[in-house]
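Colleague: Output the structure for:
(one chain, ligands or ions: 1)
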Amino acid sequence: MKKLLTAILMGSAMMATTAEAKTLVAYFTLTGNTEKAAKIVAEETGADLYKIELVTPYPSEYKEQTKLAKKELADGTLPPIKPWPENIGEYDVVFVGSPVWWGTMATPVRTFLASGVLKGKTVIPFVTHGGGGADNSFTDTAKLCEGCNVITDGWSNYSSITFGVGRWAKNNLEKIAK
Ligand SMILES: Cc1cc2nc3c(=O)[nH]c(=O)nc-3n(C[C@H](O)[C@H](O)[C@H](O)COP(=O)(O)O)c2cc1C
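Modeller: The predicted structure follows:
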């Protein structure tokens with residue numbers, strides 16, 4: 001009984017810690033892998049969820065996707081995205097999830113990061129990839145997101161594997177709260 005009470009008290013103390021910073025999980029996905037991780041991060045931290053969507057959707061063929069992404073990265077194109085939540089200014093911490101595209105954050109996520117809307121916020125990136133790892137994703141997030149406090153110790157995993165993402169997200173919020 002004593003153990004149970006201690007566990008309940010510890011649980012509520014942790015909830016108080018994670019509830020202090022108003023948190024958003026923003027993510028882009030083409031095939032659902034990053035979305036799966038993003039939903040876990042939101043569930044585990046009590047954060048709100050925002051799906052980054054393109055004004056003009058990406059082609060459905062993989063070959064066409066990689067061709068277009070390569071071109072956008074080469075010429076610095078930031079493809080227009082649909083409006084983000086109106087209350088985005090209220091968030092202190094924003095987890096930003098992306099698939100790895102050509103070794104970095106996907107171009108729609110680059111649009112979001114470079115928009116200036118995250119200025120002054122703590123930004124914590126996470127990515128899913130196809131075997132190449134996070135590569136330059138986290139350092140590029142810091143470069144793109146001017147005036148943001150970017151935590152470059154991001155989370156990454158292969159494809160739809162989400163192992164550890166919830167714990168990683170909570171740890172980050174706990175560190176920020178200290
Ligand atoms: C345009 C494009 C470029 C990609 N480039 C890479 C890459 O450089 N390294 C890598 O490991 N995976 C790469 N991938 C694979 C994706 O990162 C991986 O499948 C990811 O989990 C997809 O996430 P999603 O389902 O959220 O879209 C690429 C996929 C696409 C469509």
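
Colleague: Just name the shakiest helix or strand of the chain by mean pLDDT.
Modeller: Lowest by mean pLDDT, DSSP states H and E among the helices and strands of the chain is helix 2-19, with a mean of 46.

Colleague: Tell me which helix or strand comes right after it.
Modeller: strand 23-27 (DSSP states H and E).

Colleague: any residue of that following strand up close to the ligand?
Modeller: No - on the criterion Cβ under 6 Å from any ligand atom, strand 23-27 is out of touch with the ligand, staying 7.7 Å away. The way it works is simple: take the backbone N, C-alpha and C, and place the C-beta from them, glycine included.

Colleague: Sheet-wise, list the partners of that strand with their directions.
Modeller: strand 48-51 (parallel), strand 93-101 (parallel) (DSSP bridges).

Colleague: for the helix or strand containing Glu44, which positions count as buried?
Modeller: If you go by DSSP H and E, Glu44 is part of helix 33-45. Under the neighbour-count criterion of 16 or more other Cβ atoms under 10 Å, helix 33-45 has Asn33, Thr34, Glu35, Lys36, Ala37, Ala38, Lys39, Ile40, Val41, Ala42, Glu44, Thr45 buried.

Colleague: for it, packing partners?
Modeller: For helix 33-45, the elements it packs on are strand 23-27, strand 48-51, strand 93-101, strand 122-129, helix 165-177, judged by 3 or more Cβ pairs under 8 Å, 6 or more residues apart in numbering; DSSP states H and E.

Colleague: quick check: angle from that helix to strand 122-129?
Modeller: Inter-element angle recorded for helix 33-45 and strand 122-129: 140 degrees (by axes from the mean of the first three to the mean of the last three Cα atoms, to 10 degrees).
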